[in-house]
Every structure is written in structure tokens, then in C-alpha cells.
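K.L.:
make a model of this:
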Amino acid sequence: CLVGACICVLVSLVYSFSCDIWFDEAFSLAMVKHSYAEIIAFTASDVHPPLYYMILKFFTDGVHMFFQEASSVFVAKIVSLIPHMILLTIAAGKIRKEWGNYIAGVFALSVVGMPALLIYSIEIRMYSWGLLFVTSAYLGANDIIRKNRKTDWVQFVLLSLSAAYTHYFACLAVSVSYIMLFLWFLVNDRKRIKAWFAATIATVAGYLPWLLIFLRQAQT
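P.N.:
Residues are numbered from 1 along each chain as shown. Sure, this is the predicted structure:
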């Protein structure tokens, strides 16, 4: 599985050198030419939250500070590959430590080798970052159940907000994690429901500025 995962990453890296892009990717590249404030304003008029475009701008601007002639397409595709590399690191560390080599290997191969993910890993869009935030938030929810540290709650809220500000389907996915966490507490440990409510309120408060924009976008 690990060898297969490495091969898949290598394939994605090779295809990162391709200059082929489609309309949505061109839109992403156009967005990063604007300021962060303008990105927020433009995405408010579009159909996606702004976090991915801000991440993309941060990395592309950073690379171009040192390598001005670097291809924007190549850099942007590598930015989409970064979440998969982070997930492989999580597989080799956290997943292997808590669930063993077999689960870690299957996880590693899945997050880089499934056909759709081979495409998303170099597509200049927000899908790979949504995958990273949703997966990491879920692992944070699992840590809450098993360890219940304050840092686990903070991690869960911040990663959930990151997912929600990346893509609306990612927001829906982490909402399911909140529901499942509540149901687990309801059945197994009702004393912790207060902490769940506090985390939920913090998450809603953190997303409230964009929630109003989302409602307007949904109407449109």
C-alpha cells in the first residue's frame, strides 16, 4: 500500500508539469492576482467560500518572491498536492500509531490513489484542501471521544471552520461529524454534551460572518 501510495504521488507530481487547465482552474489563477480583501469580495459574489483562494495566493506569492519566473500553473498544482502529502504524513504517524500498519497503509493508498483524488490532487481548485480539513476534523472528533483534551476541542472547531470556509460540501461533511459526536455523547457520556454545545456555538459564531453571504448565494 505504501509503495502504491508513493507511486500515485509520483504520478501526480509528473502531471503537475502539464500546462493544461480548464475554466474553473483559470478562475482560481485569476483570483490570486487580487488582494485578500478583493478575494473575499469576489467570492461573496460567486458560489464558494474564500479560504482556498487565500491559501493559493499565499503560496503562489511566496514562491514568486524567490522564483519570479516559476510557472503559476505548476505552483498552483503543487499547492493542490500539498494536502495529500500532509495526509500521507498523518497516515505514517497518527493513523499508524493508533490503528496499526494495515489501516495506515490502506488509508495512505486511498487518499492519493482513488481515481477522483488522482485528478483533484493537481486540480487548481479547493477539493484537496477540503479533503484535508474534513479528514483532520474527523480525527479531532475521534480524539475528543478517546482523550477529551481541551486542545482536541480547539483543533476540532478550527479544522471544522477551515473546512466550512473552503467548500460548502466540506461544511456539510463536518456537520455530520458534529451530529455523530452528539449522538455518541447522548448514548455514552451525557456529561460532555455541555462541552459539545460550547464547541458548536463557537463554530457557528466563527462561521456567522459568512453564513449570511451563503444564504444570499443560495437564493441566487
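K.L.:
around the closest residue to Ser28 other than its chain neighbours, how many other residues sit close by?
P.N.:
Of all residues not flanking Ser28 in the chain, Ile124 sits nearest, at 4.6 Å (Cβ to Cβ, 6 or more residues apart in numbering). C-beta here means a position set from N, CA and C on the backbone, and glycine is covered the same way. Using other Cβ atoms under 10 Å, Ile124 is surrounded by 22 other residues.
K.L.:
Ile124 and Tyr15: what is the separation?
P.N.:
Distance, Ile124 to Tyr15, by Cβ to Cβ, to the nearest Å: 12 Å.
K.L.:
list residues touching both of those two?
P.N.:
Lys77 (Cβ atoms under 8 Å, 6 or more residues apart in numbering).
K.L.:
what comes up buried for the worst-scoring helix or strand of the chain on mean pLDDT?
P.N.:
Least confident helix or strand of the chain, by mean pLDDT, DSSP states H and E, is helix 115-120 with a mean of 89. Going by neighbour count (16 or more other Cβ atoms under 10 Å), the buried part of helix 115-120 is 117-118, 120.
K.L.:
buried set for stretch 131-148?
P.N.:
131-144.
K.L.:
same question for it, mean pLDDT?
P.N.:
On average, the pLDDT along stretch 131-148 is 95.
K.L.:
chain center to that stretch, what's the gap?
P.N.:
Mean-position distance between stretch 131-148 and its chain equals 13 Å (Cα atoms, centre = their mean, to the nearest Å).
K.L.:
need the contact partners of it.
P.N.:
83-84, 86-87, 90, 94, 111, 117, 120, 149, 152-153, 155-156, 159-160, 162-163, 166, 170, 173-174, 177, 180-181, 184, 192.
K.L.:
buried only: go through these for me.
P.N.:
Applying 16+ other Cβ under 10 Å to those flags 83-84, 86-87, 90, 94, 111, 117, 120, 152-153, 155-156, 159-160, 162-163, 166, 170, 173-174, 177, 181, 192 as buried.
K.L.:
can you list the low-confidence ranges for the chain?
P.N.:
The model of the chain has no residue with pLDDT under 70.
K.L.:
longest helix of this protein, counting residues only.
P.N.:
Under DSSP state H, the helix in the chain containing the largest number of residues is helix 193-219.
K.L.:
go through that one and flag the buried ones.
P.N.:
Neighbour-count burial for helix 193-219 [16+ other Cβ under 10 Å]: 196, 199-200, 202-203, 206-207, 210, 214, 217.
K.L.:
what's the answer for stretch 51-66, then?
P.N.:
51-57, 59-60, 63.
K.L.:
show me what contacts Phe59?
P.N.:
Here Phe59 is in contact with 75, 79, 82 (Cβ under 8 Å, 6+ apart).
K.L.:
nearest to Val9 among these?
P.N.:
Ile82 (11.2 Å; Cβ to Cβ).
K.L.:
need the contact partners of stretch 166-173.
P.N.:
Against stretch 166-173 from outside (Cβ under 8 Å, 6+ apart): 48-49, 51-52, 126-127, 129-131, 133-134, 163-164, 207, 214.
K.L.:
cutoff 6 Å now
P.N.:
51-52, 126, 129-130, 133-134, 163-164 (Cβ atoms under 6 Å, 6 or more residues apart in numbering).
K.L.:
list the contacts for the residue nearest to Ser28?
P.N.:
25, 28, 76.
K.L.:
what about these, which are in helices?
P.N.:
25, 28, 76.
K.L.:
that's all I had, so thanks and see you.
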